[in-house]
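Asks: Structure for the following, please:
(one chain, ligands or ions: 2)
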Amino acid sequence: MAPDLRIRGRAAEIAALGEALGRVAAGHAAMVLIEGEAGIGKTRLLDEALADARGRGMQVVVGRAEELERTRPFGLLAGAFGCARSSPDPRRAAIAELLAAGGSGEGGPITVTSDPGLRFRAVDAFADLGEELALSGPLVIGADDLQWADPSSLLTLAALSRRLAYLPVALIGCLRPSPRGPELDRLDGALAAAGARHLILRGLAEDAVTGLVAEAVAAVPGPVLLAGISGAAGNPLFVTELLAALAQEGAIEIAGGRAEVAETTLPPSLRLTILRRISFLPGDTCRRCGPPRSWDPASRSPTWPRSPAGQPSACLGSWRRRSGRGSWKTTATGSGSVTT
Ligand SMILES: Nc1ncnc2c1ncn2[C@@H]1O[C@H](COP(=O)(O)OP(=O)(O)OP(=O)(O)O)[C@@H](O)[C@H]1O
Ligand SMILES: [Mg+2]
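Replies: Residues are numbered from 1 along each chain as shown. Ligands and ions are numbered 1, 2, ... in the order given. The predicted structure follows:
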């Protein structure tokens, strides 16, 4: 399967991001938040926008928050701006020194998070650096996985949105709907006050999914295969993972330029394959999700375990948010929505 499939759908979102970059090119600030569930395509869209920005000759800095580094102060921004003690740029090296600075006081060790004075110096230092960069030319700051960002980085991004509001700067942030702490709420508020656009990503429309499947299998997908894939509710990650799992099990038959699913029962190993593939989801989600039970010949789709209350299990809530209660089949989902 091709590692990087062509981006499908998302025309409105790509246009909104292009408009934001256009504003920056014209010397203004532009803020955009991209929100949606896991695998829906936030990073992909961010990467497209950053590639566009690079193509326009803009300066690009990008940082991604890590789930396991949520407590590393300023981790997201230090990564984005490349602030390391070894940096050849004295401004970046100085920030790294500041973040590592400390000592001991009467109440114990002093760190950039325990000492408000030190923390505000760090916030100012990032804002100064952003300002200097933006004064030398358009600057695009990408911040991915904000739901895991450390509070200091979120505070600083809010400060940047105010300090850089009159400079050619784009701030593009991506986040899942949860987890969501008070600092993220505050950043959201600051960005809204700065006129940010909020793009909510939903499942890809049916034609976009068909195109994605066709490219992945390099053939025209048949109706049974498409019916099965519709269970992914247009989530591109789930679409490609489900396809990969089917391919791995040899369940897809390609003949005469047409790809179809031959099996009417999901082989047990396929259940495990899919479960393994989605095991990057938060542990609790996966535990509650469980593997699909079988291939439902009536709806021609996988069926999944149900919670004791008889409702679809947790992780499938996101897969199946738009599907009927008892069936796996989904209706067309639209390609997303753009709000301001
Ligand atoms: N519109 C699209 N067309 C084709 N492929 C896509 C599209 N959007 C995303 N993909 C692919 O789907 C996969 C998941 O996308 P992506 O990593 O952007 O999701 P995400 O929303 O950032 O998820 P997470 O919250 O886990 O970070 C990637 O392989 C990506 O290339
Ligand atoms: Mg992502």
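Asks: Break this structure down into its domains, please.
Replies: Per automatic domain parsing, the structural domains of the chain span 11-200, 206-330.
Asks: end to end, how far does the longest one reach?
Replies: Spelled out, it's domain 11-200. One end of domain 11-200 to the other measures 13 Å (CA to CA, to the nearest Å).
Asks: can that domain be found next to ligand 1?
Replies: Yes. Domain 11-200 reaches ligand 1 (CB under 6 Å from any ligand atom) through Gly36, Ala38, Gly39, Ile40, Gly41, Lys42, Thr43, Arg44, Asp145, Arg176. Backbone N, C-alpha and C define where each C-beta goes, glycine included.
Asks: any bit of that domain sitting next to ligand 2?
Replies: Yes. Counting by CB under 5 Å from the ion, ligand 2 is contacted by domain 11-200 at Lys42, Thr43.
Asks: one step back: same list, the domains of the chain, but as a markdown table with mean pLDDT and mean neighbour count please.
Replies: Compiled in a markdown table, the domains of the chain are given as follows (pLDDT from 0 to 100; neighbours: other CB atoms under 10 Å):
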| stretch | mean pLDDT | mean neighbour count |
| --- | --- | --- |
| domain 11-200 | 93 | 18 |
| domain 206-330 | 66 | 18 |
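Asks: Out of the residues of domain 11-200 next to ligand 1, which sit inside helices?
Replies: Using DSSP state H, the members of these that fall in helices are Lys42, Thr43, Arg44.
Asks: correct me, but the last one touches Arg8?
Replies: If I follow you right, that is Arg44. No. Taking CB atoms under 8 Å as the definition, Arg44 is not a contact partner of Arg8, at 9.9 Å.
Asks: Give the residues shared as contacts by those two.
Replies: Listed as contacting both Arg44 and Arg8 by CB atoms under 8 Å, 6 or more residues apart in numbering are Pro236.
Asks: follow-up on the earlier one: I'd like the domains of the chain written out as TSV, with distance to Asp4 added.
Replies: Formatted as TSV, the domains of the chain follow (distance: least, CB to CB, whole Å):
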stretch	distance to Asp4
domain 11-200	9
domain 206-330	10
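Asks: Which residue ranges of this structure form helices?
Replies: Taking DSSP H as the criterion, the chain carries its helices at 11-25, 42-55, 75-81, 90-100, 116-136, 151-163, 182-193, 206-217, 223-229, 236-248, 268-277, 283-289, 314-320.
Asks: Which residue does the stretch 151-300 of the chain have closest to ligand 2?
Replies: Nearest to ligand 2, among the residues of the stretch 151-300 of the chain, is Cys174, at 6.1 Å (CB to the ion).
Asks: again, but for the stretch 1-150 of the chain
Replies: Counting by CB to the ion, the stretch 1-150 of the chain gets nearest ligand 2 through Thr43, at 3.2 Å.
Asks: tell me the contacts of that residue?
Replies: So Thr43 contacts Arg64, Asp144, Cys174 (CB under 8 Å, 6+ apart).
Asks: Same question for Ala158.
Replies: Arg186, Leu187, Gly189, Ala190, Leu191.
Asks: Skipping its backbone neighbours, what lies nearest it in space?
Replies: Ala190 (3.8 Å; CB to CB, 6 or more residues apart in numbering).
Asks: wouldn't the one you found be in contact with Arg162 here?
Replies: Yes. If you go by CB under 8 Å, Ala190 and Arg162 touch, sitting 6.6 Å apart.
Asks: Not counting its neighbours along the chain, what's nearest Ile254?
Replies: Ala219 (4.9 Å).
Asks: OK, contacts around the one you found?
Replies: Ile254, Gly257, Arg258, Ala259.
Asks: Hmm, Asn235 is touching Lys42, no?
Replies: No. Taking contacts as CB under 8 Å, Asn235 lies outside contact range of Lys42: 11.5 Å.
Asks: Look up how far Ala190 lies from the spatially most central residue of the chain.
Replies: Residue closest to the average C-alpha location in the chain (CA atoms, centre = their mean): Lys42, at 3.6 Å. Using CB to CB, to the nearest Å, we find Lys42 at a distance of 20 Å from Ala190.
Asks: In the stretch 1-150 of the chain, which residue sits closest to ligand 1?
Replies: Using CB to the nearest ligand atom, Gly41 is the residue of the stretch 1-150 of the chain that sits closest to ligand 1, at 2.7 Å.
Asks: Please report how far the spatially closest residue to that residue that is not a sequence neighbour lies from Ala255.
Replies: Closest residue in space to Gly41, ignoring its immediate chain neighbours: Pro236 at 5.3 Å, by CB to CB, 6+ apart. To Ala255, Pro236 is 26 Å away according to CB to CB.
Asks: now swap in Gly63 and tell me
Replies: On the measure of CB to CB, Gly63 and Ala255 end up 47 Å apart.
Asks: Equivalent analysis for Gly142, please.
Replies: Here the criterion is CB to CB. By it, Gly142 lies 43 Å from Ala255.
Asks: Could you do Glu67 as well?
Replies: In terms of CB to CB, Glu67 sits 43 Å off from Ala255.
Asks: One more: Gly79?
Replies: Counting by CB to CB, the gap from Gly79 to Ala255 is 48 Å.
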